[in-house]
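predicted model and sequence below, questions to follow.
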Amino acid sequence: MRHLLATLRRHHRRIRRPPTPAPPHRSAHYKPQKTQPPPSPPTPPKPPQKQTSFTLHHHTWWDPYSWMSSLNDKVAMRHMDVYMEQEEKYTEAVMSDTDRLQSKLQSEMASRMASHLSTPPLRWGPWLYYRRAEEGKQYPVLCRRLASLNEEFISHKNPSAGFDFTSGKRIEQKLLDYNQEAERFGGYGYEELSEVSPDHRYLAYTMYDKDNDYFKLSVRDLNFGSLCSKPQADRVSNLAWAKDGQGLLYVVTDHNKRPYRIYFSMLGSSEEDKLLLEAPEENVYVNIRHTKDFRFVTAYMFSTTFSKVFLINAADPLSGLKPVWECEAQAHCIIEHHQGYLYLFTDAAREGQPVDHHYLLCSPLHPSMSTRKWENVLVDDPELVIEDVDFSDSHLVLVLREDRKFRLCSLPLPLQSGKGAVHLKELNPHFLPLPNHVTQILPGPNYDFYSSTMRFTISSPVMPDAVVDYELTNGKFNIIQQQNMLHERTRVLYGSGFPASSTGNSSIPMNVNNYEDGNLWNSLSDFYACENYDVPSYDGVLVPLTIIYSRKRKKESQNPGLLHGHGAYGELLDKRWRSELKSLLDRGWVVAYADVRGGGGRGKKWHQDGRCTKKHNSINDYVSCAKFLIERDIVQENKLAGWGYSAGGLLVASAINCRPDLFRAAVLKVPFLDPSNTLVYPILPLTPADYEEFGYPGDVEDFEAIRNFCPYNNIQKDILYPAVLVSSSFNTRPYALTNHHQPPSTPISGNHHRRSGGVFSNTKDLRFGVWEAAKWVARVRERTIYDPKHPVLLNLTVDIVEENRYLQCKESALETAFLLQMVDS
């Protein structure tokens, strides 16, 4: 109403304007007030310098800020505390003008947060497992309910609904309250692994002990809710059930985080746990996983020079380890069992020749010959790459990729054996429905080996993640959980035939003839365009570039842009729809993703060409994509920002060192910025994967390459750098390559999926201390031209942000406000 009255008053004044009054009489002693000068910009803090020299391979370098990583030096840590407090105040002062904008952005982002407070229930045997949030609690609760009780009330949105009036008890059974676990572990409730036993009697899980910096194993009896007296072990990195849930195998790490021992424990036994396998060499690692039918446990031993796989009979784990596969060099390999045959999914070299993609092999469980022979299942098709596989008792599902297009197909099992490799079309593949612009397909837990339904998460840059159940016998599918961004609510499709209007659920099978219809998939492609380009890099190699933008806001050569990159560990760049980016898209921003070399999705060679001594390819690819966006008038010149997470922070920071004029701003989250010192003198334990990715400092060629791409060492002097916001944390727990902006869709974490099993651990990225970011920020300010309009800020987050969606909103609002202030100003 006030706005309406104000409008009427202004309109009235325009119609009846009074005469201009005469200026007031001023005395002879009148002195006009001086205009107050604008407040001076805040001054960035300057940490103390203490020059320290380092020498390797006859090369000596000086580091004035190495004291920041002296964790055992109490004086240095007191200086660090003071410096961090100064940085915090400086960031608050610089961003104080955006307080109202941050509040607005936080409200926008909070309104788009997924409303579902539960993961979709996962059917396994007679039970439905799920995690749900409780009001006022920070951590979720792991629950289950019998699928047979009040089946008509089962809902993916509210699985705990209903009451068993026969027994007078609630249908839901709470298995584990992570809020109570947090009390056990100093207020920190981070779980890495959880496995329900095949008989549904026990839950084995590992919780992070922050004080000791390791994961602690516990086993809980689900019938009584009590903790079992054994096994209880520290520094556990993986586990697998055996003996139908009466025994447990687990992997223990040494003090350098190296998984090196496999133990077997019988529940309820007073005997000590048995050591099954040990890797005594410092560069050898072990891992385990169970086959999906729980008949075998596979043990993996690997180093940079070899990979071995052993088979353990789950019914009798003490009967020994049977070798079934061995190859030279480190290779990814996963073994499954199906009706007397072993299936091996691997990217190992063939006949001494490296391969670019994974392939599938088969061998009888009990070969007739003394030497096991593995045969190809499919004829190689260079146009159709197998990205992933998943097994059930009745079907084999393949995740395929044709150039940039993903496909999902099912094959009936058992496959015809003894005929050698066949073409895929000869196996009568059934291609399952998918929407347009799919960039990733992740198999769900799919614990129920004997079910004909498989769950997958489908991702796209212009569609919220869809959790989909596929019926493999007929190809029909149900979207179990997906956020509806158009109505700012969650779309839920599940139930037993009740109308959606009355129950909020639906079990309507999608029409497979129209499966690319965006309306079926809750796609946003009518509002946001998704385009793909092939960008020539400096050496002529074509780099995939994906851009999304608002169809209403796109204007040629006038839009600001944000370029994402990662390019490490052979991992796919996360191009999933992120609701917080909608605030930028709706303000006319272009969001771009550069699939530079070193990342995944383009084969093994693509990864090899962007790591170690070839890391410069990743950096040049990213710079080429940045130039492409500006030269093609997709992004306005001087309005391009970069964004990198973890190892992607190294990529973006190195690109800024090469071409600071290309970027107006950048956001670096938990970045890896000082590989020269981190790899040569690690404060936190590193793994072979880290050295394989970035290089071995002991090798002269690798060392020179590390020095050349190290962001900390190559900051240009007396050059204007873009504005940069660096987010880091005092937390040194491993950061996994996950999207922290999405709620988890997995009720119980498993180790059967190929990306989290085999010879690789669950966490792919390095562990970073806050000194990585603090040293880089200090040196950039020291060497470059100071301009208050191009501030370099250090934002310190707290451990709890990763677990709290609202704090994530706050952090995203700060980053977005920073970009808007720096790029649009």
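Cool, the structure landed.

what's the weakest-modelled helix or strand in the protein?
The helix or strand of the chain with the poorest confidence is helix 500-503; it has a mean of 29 (mean pLDDT, DSSP states H and E).

so who does residue 822 touch?
When contacts are counted by C-beta atoms under 8 Å, 6 or more residues apart in numbering, residue 822 touches 641, 664, 665, 722, 723, 789, 790. (C-beta placed from N, C-alpha, C; glycine too.)

just say helix, strand or coil for it.
Reducing the assignment at residue 822 to three states with DSSP: H, G, I helix; E, B strand; the rest coil gives helix.

same question for residue 130.
strand.

that one touches residue 123, doesn't it?
No: applying C-beta atoms under 8 Å, one finds residue 130 not in contact with residue 123, separated by 10.3 Å.

between the two, point out the one with more neighbours.
residue 130 (23 against 18; other C-beta atoms under 10 Å).

OK, contacts around that one?
Remark: with contacts taken as C-beta under 8 Å, 6+ apart, residue 130 is in contact with 118, 119, 120, 121, 122, 142, 143, 144, 159, 747.

out of the residues you listed, which is most surrounded?
Ranked by neighbour count (other C-beta under 10 Å), these have residue 747 at the top, with 28 neighbours.

now residue 775. Nearest residue, chain neighbours left out?
residue 65 (4.3 Å; C-beta to C-beta, 6 or more residues apart in numbering).

the one you found: neighbour count?
Using other C-beta under 10 Å: residue 65 sits among 24 other residues.

where's it relative to residue 74, distance?
Computed with C-beta to C-beta, to the nearest Å, the distance linking residue 65 and residue 74 is 18 Å.

about what we covered before: among the contacts of residue 130, which are located in strands?
With strands defined by DSSP state E, the entries of the contacts of residue 130 inside them are 122, 142, 143, 144.

take the residues you listed and lay them out in JSON lines including distance to residue 325.
Compiled in JSON lines, the ones in strands among the contacts of residue 130 are given as follows (distance: C-beta to C-beta, whole Å):
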{"residue": "122", "distance to residue 325": "30"}
{"residue": "142", "distance to residue 325": "35"}
{"residue": "143", "distance to residue 325": "39"}
{"residue": "144", "distance to residue 325": "36"}
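
what's the closest of those to residue 347?
Using C-beta to C-beta, residue 122 comes nearest to residue 347 of the ones in strands among the contacts of residue 130, at 29.1 Å.

and the strands in the stretch 551-700 of the chain?
For the stretch 551-700 of the chain, applying DSSP state E, counting those that start in this stretch gives strands covering 561-565, 590-594, 640-645, 665-669.

can you redo those strands as a markdown table with mean neighbour count and mean pLDDT?
A markdown table is the format used below for those (neighbours: other C-beta atoms under 10 Å; pLDDT from 0 to 100):
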| stretch | mean neighbour count | mean pLDDT |
| --- | --- | --- |
| strand 561-565 | 26 | 97 |
| strand 590-594 | 25 | 97 |
| strand 640-645 | 26 | 96 |
| strand 665-669 | 27 | 96 |
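
which one of those strands lies nearest to residue 333?
With C-beta to C-beta, the closest approach to residue 333 among the strands of the stretch 551-700 of the chain belongs to strand 640-645: 28.3 Å.

need the contact partners of the closest one.
Taking contacts as C-beta under 8 Å, 6+ apart, the residues outside strand 640-645 that touch it are 560-566, 622, 626, 629-630, 650-653, 655-656, 662-671, 722, 819, 822-823.
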